[in-house]
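[1] Output the structure for:
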Amino acid sequence: MNRTQSSLGSFADGLIDFAGDVAATTIVVNDIDEALAELVEEDVVTTKEIETEDGTSVYYKLA
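    Model prediction:
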């Protein structure tokens, strides 16, 4: 029996896919944060912090 044909094998494949998606998302978010920080340091973009009901949001604008 093929692993993906069994319900347990299908679940395992889905779990592996999910874990990969989470890892990839974390990498991309970290890369974006680093890239934005560099752009702020180089005065390419400016930031503005806005207080919201949920906390503080940071907005970026091209300088």
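[2] so where's the chain uncertain?
    1-9, 11-12, 14-15, 19-29 (pLDDT under 70).
[3] what does stretch 53-63 contact?
    Here stretch 53-63 makes contact (Cβ atoms under 8 Å, 6 or more residues apart in numbering) with 36, 39, 40, 43, 44, 45, 46, 47, 48, 49, 50. Where C-beta positions appear, they are placed from N, C-alpha and C, glycine not excepted.
[4] Next one: the third one from residue 54, what distance?
    Note on residue 40: its distance to residue 54, by Cβ to Cβ, to the nearest Å, is 22 Å.
[5] Between these two, which is the more surrounded one?
    Per other Cβ atoms under 10 Å, whichever of residue 40 and residue 54 has more neighbours is residue 40, with 15 against 6.
[6] Report the spatially closest residue to that one, excluding sequence-adjacent ones.
    Of all residues not flanking residue 40 in the chain, residue 47 sits nearest, at 5.9 Å (Cβ to Cβ, 6 or more residues apart in numbering).
[7] Touching, the one you found and residue 41? I think so.
    No. Contact criterion Cβ atoms under 8 Å: residue 47 and residue 41 do not qualify, at 11.1 Å.
[8] Neighbour count: those two, which is higher?
    Legend: neighbour count by other Cβ under 10 Å for residue 47 and residue 41, higher for residue 47 (12 against 9).
[9] picking up where we left off before, quick check: beta-bridge partners of the residue nearest to residue 40?
    residue 60 (DSSP bridges).
[10] residue contacts, it?
    Neighbouring residues of residue 47 by Cβ under 8 Å, 6+ apart: 40, 58, 59, 60, 61.
[11] Fine by me, we can end here.
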